[in-house]
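# next come a sequence and a model predicted from it.
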Amino acid sequence: METVNIHQAKTNLSKLLSRVELGEEIIISNRGVPIAKLVPFRTSSNRLNSLGQDKGRFVVPDDFNAPLPEEILAAFEGGEE
């Protein structure tokens, strides 16, 4: 993670933002004291990049659409158990 001073940040803001857009984080400091961090802002448009990350972690059971047992149906419908 790179640290730049305020003058460098103002002078090179477009370049720094391009780097941040690619995932890099940059710290802005004032006289050697960190005061801000530039980090990527994730929006819903980046959602497509995350689709499929959990593929294979869950397998839908064969009986997924099977009717519920009578005692569970009765509990949902307010009937006697």
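The structure has been received and is ready for your questions.
# shaky segments in this protein?
43-50, 79-81 (pLDDT under 70).
# could I get the full set of helices for it?
6-11, 13-21, 47-50, 70-77 (DSSP state H).
# report all helices and strands that the first one contacts.
When contacts are defined as 3 or more C-beta pairs under 8 Å, 6 or more residues apart in numbering; DSSP states H and E, helix 6-11 packs onto strand 26-30. Where C-beta positions appear, they are placed from N, C-alpha and C, glycine not excepted.
# now the strand it packs on - C-alpha only, PDB.
Extracted C-alpha coordinates of strand 26-30, given in PDB (Å, rounded to 0.1, in the frame of the first residue of the first chain):
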ATOM      1  CA  ILE A  26      -3.500   4.400  -1.300                       C
ATOM      2  CA  ILE A  27      -3.000   6.400   1.800                       C
ATOM      3  CA  ILE A  28      -2.900  10.200   1.700                       C
ATOM      4  CA  SER A  29      -0.800  11.800   4.500                       C
ATOM      5  CA  ASN A  30      -0.200  15.300   5.800                       C
END
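# adjacent strands (with direction) for that strand?
strand 2-5 (parallel), strand 33-38 (antiparallel) (DSSP bridges).
# pull the distance from the last one to the chain's centre.
Per C-alpha atoms, centre = their mean, to the nearest Å, the displacement of strand 33-38 from the mean C-alpha position of its chain is 22 Å.
# got the contact list for it?
For strand 33-38, the surrounding residues in contact (C-beta atoms under 8 Å, 6 or more residues apart in numbering) are 3, 6, 16-17, 20, 25-29.
# just the buried residues of those.
16, 20, 26, 28 (16 or more other C-beta atoms under 10 Å).
# reformat the contacts of strand 33-38 as TSV; add distance to residue 63.
TSV is the format used below for these (distance: C-beta to C-beta, whole Å):
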residue	distance to residue 63
3	57
6	62
16	54
17	51
20	48
25	47
26	52
27	53
28	56
29	59
